[in-house]
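> build me a structure from this.
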Amino acid sequence: MSDQEIIIPVTFFLTVAAIFIVAIITRHRERIMMMEKGLSSEEMKSMNLKDVRRDPLSSLKWGIVIMMAGFAAFIGILLHQYFYVEEGIIIGMLSLFVGIGLIVFYIIAAKKVNR
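Presented below is the predicted three-dimensional model:
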């Protein structure tokens, strides 16, 4: 085994462990501060269970953007394979189609908001 075959998995697991450790420490510090402020355990639980309202247009936006990005990658790959266009066209197509997707979302959202 080469050094790279060992370093990459070890680095991955160390990074994941570091993220979990930072999350646990941050949560602990937050709870300690809440206790110092005098909040009871019931008040702390109610803060975590607050009602989160989701914007239905957010799902529409991400659906359109991801769909357009996939379509752009598909068209870019087809252009590269069949018409021997440079691979760099895929990045340009992604930018163009995601931009078009955002404009389409803006038009749809503006119509829904005006209703």
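
> going forward, measure contacts between C-alpha atoms and count neighbours the same way
Noted.

> and the spatially most central residue of the chain, backbone torsions?
Nearest to the geometric centre of the chain sits Trp62, at 9.6 Å (Cα atoms, centre = their mean). Here is the backbone geometry of Trp62 (degrees, to the nearest 10): phi -70, psi -30.

> 735 is where my numbering starts, stick with that
From this message on, residue numbering opens at 735, which makes the last subject Trp796.

> can you name the next helix or strand after the helix or strand encompassing Phe747?
Taking DSSP states H and E as the definition, one finds Phe747 inside helix 737-771. Counting by DSSP H and E, the next helix or strand C-terminal to helix 737-771 is helix 775-782.

> run through who's touching that following helix.
With Cα atoms under 8 Å, 6 or more residues apart in numbering as the test, helix 775-782 has contacts from Met768.

> what are the buried residues along it?
Residues of helix 775-782 include none that count as buried (16 or more other Cα atoms under 10 Å).

> send the alpha carbons of it over as PDB?
What follows is the C-alpha trace of helix 775-782 in PDB, where atoms were taken according to Å, rounded to 0.1, in the frame of the first residue of the first chain:
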ATOM      1  CA  SER A 775     -35.000  22.500  31.600                       C
ATOM      2  CA  GLU A 776     -38.600  22.900  30.300                       C
ATOM      3  CA  GLU A 777     -37.700  26.300  28.700                       C
ATOM      4  CA  MET A 778     -34.700  24.800  27.100                       C
ATOM      5  CA  LYS A 779     -36.800  21.900  25.700                       C
ATOM      6  CA  SER A 780     -39.400  24.300  24.300                       C
ATOM      7  CA  MET A 781     -36.700  26.300  22.500                       C
ATOM      8  CA  ASN A 782     -35.600  23.200  20.700                       C
END
